[in-house]
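A.B. asks: Got a predicted structure here, sequence first:
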Amino acid sequence: MNSSLLVHKKSRTTIVTIAFLILLVGFLARFIHSAFFTTRDFSAFWIAGKALNLGLDPYSALSKIPLPIELTGHTMDFVSPIFLAELMRLFAFMPFHIAKLIWLVISLILMILSLLIIMEISNIPRSYFSLMIGVMSLISFNPIIFIFDNGQTDMVVVFSLLLSWMLMRRKKLFLSGLVLCVSFINPHLVLGVVVYYIYRIVTRRETALLMGLAVGGICLIIVSLPYTHYVFEWIRTILPDKQQWALTASGQITWLNLLHELLGPYKTYAKGLVGIIDIGALLLSIRSWHSSKGRELDLDFGIAITLGLVTTTFAFNQDYSVLILIFPIIVRLRKMQISENIVAFLVLCNSFLYSGITGFLTPLHQLLLEVTAPIILVLALLFTTQGDRSEKQRKFAWAFVWLFLTLGGYAISLEFRSIIVQQVLVLVGLLSFMSALCRSYPSDNGSLQKPLEKLVRPNTI
């Protein structure tokens, strides 16, 4: 290794290390503040677990349980499946803030494990540099920040989806189906993946995958059996009320919420239009999966993830944390020969998604943390890109276009300070991204994958 290259590598590592430490300090400060000085969403989970410990209904426990002083006037109704309340019973034996701290530590561990799985799926070597880039990108991504601020459960969903995906790539179909069932604590986020797995079971006769889903489902049923009346209450009362509330709830990022707001006096047509969007997205997904014939698992899974987000009728910012699963798909597309038009389309869609997720909800004093991730990714590309001069110039150009559009999206969101702007950026970007993925499938089934030696070549970030 010549001296100039060695100096370049040391400079790169030094710069990234400094940025990593600065971001890490900011993240840890918010982490500690969330654990000890806020209640947010975790209060609903903790109270639900406490209700089961006392033999009370977790869906109507607020008026029956004596609450700690720190929770008085700062609680939320529990609206999740009953097995999440069962999971929270152990936490409910602890003081609230200790329970939340432990839950946040578990979420942090799951975030790191998720990053390692993403790197494995993307075939990225686990170097000091790549790990720092990955951690910085995650802790400055708005939905991840929301998870830790609110004590939400989405990191469990992200980890289970990634683990299920990795197991499927390793042909361990039973375990893949079994692990997916863990993500049912947030069922509205995984519908697309469930549809994809059912499609594989029907078209490819994957009995092991069916058995995994069945065993996982039976386990959830067994856990719920002592609370059958609560399950029926959740289905008959809680879910309809939750969905009705989601129509007008501020902060929802769904087609149903957006169209309900935009149509004004014609809002009764919102559900019909959403149904058309859902059917179109489903047909587009099935067509792509059929053309793949199981040979493009990563693209298939990416479409399943986007299908779930496009069709969901209940999603806040933190629920879009599943978008981190898109990164391995982008890496997969980089190995394929796709047209410049599709590349441009993907760049545009990603910038819409990235900027819209943050939106006007971010206070100005926190904006630096929120916009750090795209800047980090572009700088990482500049530091690590290899190849001939024309290839470098092409990547640099697309990276800067993406950065410009992303920061422009932030500026638009902050200027208008309207949830509708955020919703449009995210939902249009998401639907367009799904369309771009479908167009990325090679038309010749015989050339769906490159030779093995090209596919297993390690990537740099």
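C.D. replies: Alright, I've got the coordinates.
A.B. asks: measure the residue most central in space within the chain to Leu189 for me?
C.D. replies: Closest residue to the average C-alpha location of the chain: Val322 at 1.1 Å, with CA atoms, centre = their mean. Distance of Val322 to Leu189, computed by CB to CB, to the nearest Å: 6 Å. (Glycine included, C-beta is placed from N, CA and C.)
A.B. asks: got any residues that touch both of the two?
C.D. replies: 154, 157, 308-309 (CB atoms under 8 Å, 6 or more residues apart in numbering).
A.B. asks: from these, which ones fall inside strands?
C.D. replies: Among those, DSSP state E puts none in strands.
A.B. asks: still on that earlier bit, backbone phi and psi for the residue nearest to the centre of the chain, please?
C.D. replies: Here is the backbone geometry of Val322 (degrees, to the nearest 10): phi -70, psi -10.
A.B. asks: Check the contact between it and Leu307; I expect there is one.
C.D. replies: No - applying CB atoms under 8 Å as the test, Val322 and Leu307 come out as separate, 11.5 Å apart.
A.B. asks: Let me know how buried Gly275 is, in neighbour terms.
C.D. replies: Residues near Gly275, counting by other CB atoms under 10 Å, number 13.
A.B. asks: ok, it to Thr312 distance?
C.D. replies: Gly275 is 14 Å from Thr312, by CB to CB.
A.B. asks: Need the three-state assignment for Gln318.
C.D. replies: On the three-state scheme (DSSP: H, G, I helix; E, B strand; the rest coil), Gln318 is labelled helix.
A.B. asks: scratch that, Ser435
C.D. replies: helix.
A.B. asks: Check it and give its pLDDT.
C.D. replies: pLDDT recorded at Ser435 is 82.
A.B. asks: shouldn't it be in contact with Arg287?
C.D. replies: No - using CB under 8 Å, Ser435 makes no contact with Arg287, being 11.4 Å away.
A.B. asks: more crowded one of these two?
C.D. replies: Ser435 (19 against 13).
A.B. asks: Can you show me the helices along the stretch 151-300 of the chain?
C.D. replies: 154-169, 173-180, 191-204, 207-224, 228-233, 239-246, 255-262, 270-292, 297-311 (DSSP state H, counting those that start in this stretch).
A.B. asks: Can you tell me which of these is nearest to Val424?
C.D. replies: Evaluated over the helices of the stretch 151-300 of the chain, closeness to Val424 peaks at helix 255-262, with 7.0 Å, by CB to CB.
A.B. asks: what comes up buried for stretch 301-319?
C.D. replies: 301-319 (16 or more other CB atoms under 10 Å).
A.B. asks: can you tell me the average pLDDT over the helix of greatest length in the chain?
C.D. replies: Counting by DSSP state H, the longest helix found in the chain is helix 3-37. Averaged across helix 3-37, the pLDDT comes to 76.
A.B. asks: quick check: angle from the next helix or strand after it to helix 3-37?
C.D. replies: Remark: after helix 3-37, the chain's next helix or strand is helix 42-53, criterion DSSP states H and E. With axes from the mean of the first three to the mean of the last three CA atoms, to 10 degrees defining the directions, helix 42-53 sits at 50 degrees from helix 3-37.
A.B. asks: distance between the longest helix of the chain and the chain's centre?
C.D. replies: On the basis of CA atoms, centre = their mean, to the nearest Å, helix 3-37 sits 23 Å off its chain's mean C-alpha point.
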